[in-house]
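Peer 1: I'll drop the sequence and a predicted model, then ask my questions.
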Amino acid sequence: MAEISSSHPVAAPAAAARPAQRRFRWGAVLDHTILILGALFMMAPIAMLLQMSTIADTEIMKHGPSLVIGDQFGSNLDKALFGSMSFSGSNSGLTMFMNSLILGLGFAIGKIVISMCAAYAIVYFRMRFATLAFWLIFTTLLLPLEVRIVPSYEVTQKLGLLNTYTGLIVPLIASATATFFFRQFFMSVPDELVEAARIDGAGPVKFFIDILIPLSRTMIAAIFIIMFVYGWNQYLWPTMIVTEEGKFTLVQGIKQITQGLEGNHIPEFGRSNLLAILAVLPPVAIVIFFQSWFVKGLTESDK
């Protein structure tokens with residue numbers, strides 16, 4: 001009896017130490033399968049553009065898209081980046097890429113600076129008509145670019161800003177959307193923080209630079225993504241403001257090539273496909289880099 005009672009406690013921990021079997025989650029498998037199929041579906045056009053940029057333009061005209069990988073990628077890439085698309089020789093893919101990058105960054109940075117200053121003045125300065133001023137700014141959402149493009153063009157022309165980066169960026173950097181988001185963000189900042197900064201001797205400029213801007217990093221990232229993509233994809237405004245081929249943006253250049261595809265010469269499919277891929281890369285890179293801040297900036301409520 002003594003031997004039986006002494007061996008029984010040893011068997012219990014061994015049975016308890018046996019690992020529990022994990023249940024197979026079919027729901028997770030289905031979710032991941034749908035996500036993978038969706039990603040492949042979205043990447044299929046990009047893969048097709050890459051494939052067509054590796055074969056000769058004549059082969060594309062004869063056989064269309066295929067699974068064959070050719071040897072023309074290097075020459076098509078050289079033509080897309082450095083080849084001239086105009087009679088002046090100044091309209092290359094790399095030049096248009098830099099113009100689009102300047103336009104996108106100028107839009108994003110300019111809109112953020114103007115909107116933050118406007119929202120800061122509306123929220124923290126005791127102005128009699130601050131609320132009215134905000135709603136006047138907000139109503140400009142009812143006037144998109146297409147509605148006010150003629151007076152905007154006339155003012156830009158009279159100021160001598162045609163064919164300049166200033167004319168491309170400055171007339172459109174006011175943003176009611178960004179002002180609204182920053183106003184709502186500033187209104188959520190606790191009053192105790194404002195009082196503490198005032199007690200410490202922080203003036204309006206110091207409070208704005210040292211406290212509000214660091215607190216607004218996630219919101220700035222969210223607005224930056226939206227405004228950069230908006231500026232990068234601009235076509236109508238640059239078409240009206242820019243007539244010099246050296247100032248053409250990438251979207252304008254792609255449109256110029258697609259118009260050339262309608263002529264009697266052999267269409268440059270490889271060149272246009274690579275330019276289209278080049279036009280997609282910066283917005284995608286910006287979204288991937290700022291995606292976590294973008295989600296926080298639009299969803300965070302505790303500041």
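Peer 2: The structure has been received and is ready for your questions. Numbers count the residues shown, from 1 in each chain.
Peer 1: Poorly predicted segments of the stretch 51-200 of the chain, please.
Peer 2: Scanning the stretch 51-200 of the chain for pLDDT under 70 picks out the ranges 85-90.
Peer 1: Please, where are all the helices along it?
Peer 2: Secondary structure of the stretch 51-200 of the chain (DSSP state H, counting those that start in this stretch): helices at 57-63, 73-82, 93-124, 130-138, 145-158, 165-169, 176-187, 191-199.
Peer 1: Rebuild these as JSON lines, extending it with mean neighbour count.
Peer 2: C-beta: built from backbone N, CA, C; applies to glycine. Below are the helices of the stretch 51-200 of the chain laid out as JSON lines (neighbours: other C-beta atoms under 10 Å):
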{"stretch": "helix 57-63", "mean neighbour count": "13"}
{"stretch": "helix 73-82", "mean neighbour count": "17"}
{"stretch": "helix 93-124", "mean neighbour count": "20"}
{"stretch": "helix 130-138", "mean neighbour count": "14"}
{"stretch": "helix 145-158", "mean neighbour count": "13"}
{"stretch": "helix 165-169", "mean neighbour count": "20"}
{"stretch": "helix 176-187", "mean neighbour count": "20"}
{"stretch": "helix 191-199", "mean neighbour count": "12"}
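Peer 1: Below-threshold pLDDT in the stretch 201-303 of the chain: ranges please.
Peer 2: Residue ranges of the stretch 201-303 of the chain with pLDDT under 70: 258-266, 294, 297-303.
Peer 1: how about the helices of the stretch 51-200 of the chain in TSV, adding distance to residue 42?
Peer 2: Below are the helices of the stretch 51-200 of the chain laid out as TSV (distance: least, C-beta to C-beta, whole Å):
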stretch	distance to residue 42
helix 57-63	23
helix 73-82	22
helix 93-124	22
helix 130-138	34
helix 145-158	28
helix 165-169	31
helix 176-187	26
helix 191-199	43
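Peer 1: List just the one of these that sits closest to residue 250.
Peer 2: Nearest to residue 250 among those is helix 93-124 (4.2 Å), distances taken as C-beta to C-beta.
Peer 1: Could you list every helix and strand that that closest one packs against?
Peer 2: With contacts taken as 3 or more C-beta pairs under 8 Å, 6 or more residues apart in numbering; DSSP states H and E, helix 93-124 sits against helix 73-82, helix 130-138, helix 165-169, helix 176-187, helix 217-232, helix 250-260, helix 269-299.
Peer 1: again, 6 Å this time
Peer 2: Helix 93-124 sits against helix 73-82, helix 165-169, helix 176-187, helix 217-232, helix 250-260, with contacts defined as 3 or more C-beta pairs under 6 Å, 6 or more residues apart in numbering; DSSP states H and E.
Peer 1: quick one: buried residues of the fourth one?
Peer 2: Applying a neighbour-count criterion of 16 or more other C-beta atoms under 10 Å, one finds 218-232 buried in helix 217-232.
Peer 1: I'd like to check the angle between that helix and helix 93-124, please.
Peer 2: Helix 217-232 runs at 140 degrees relative to helix 93-124, counting by axes from the mean of the first three to the mean of the last three C-alpha atoms, to 10 degrees.
Peer 1: repeat for the last one
Peer 2: When the same axes, to 10 degrees is applied, the directions of helix 250-260 and helix 93-124 differ by 140 degrees.
Peer 1: which residues are contacting helix 250-260?
Peer 2: With contact meaning C-beta atoms under 6 Å, 6 or more residues apart in numbering, helix 250-260 is reached by 96-97, 100, 235, 238, 272, 275, 279.
Peer 1: surely residue 115 meets residue 178?
Peer 2: Yes. Assessed by C-beta atoms under 6 Å, residue 115 is found in contact with residue 178 at 3.5 Å.
Peer 1: Pull the distance from stretch 159-170 to the chain's centre.
Peer 2: Distance of stretch 159-170 from the chain centroid (C-alpha atoms, centre = their mean, to the nearest Å) equals 23 Å.
Peer 1: now swap in stretch 276-285 and tell me
Peer 2: Computed by C-alpha atoms, centre = their mean, the chain-centroid distance of stretch 276-285 equals 10 Å.
Peer 1: how about residue 110, what does it touch?
Peer 2: Counting by C-beta under 6 Å, 6+ apart, residue 110 has contacts 169, 173.
Peer 1: distance of it from residue 179?
Peer 2: 13 Å (C-beta to C-beta, to the nearest Å).
Peer 1: and if you look at residue 65?
Peer 2: Distance of residue 65 to residue 179, computed by C-beta to C-beta: 46 Å.
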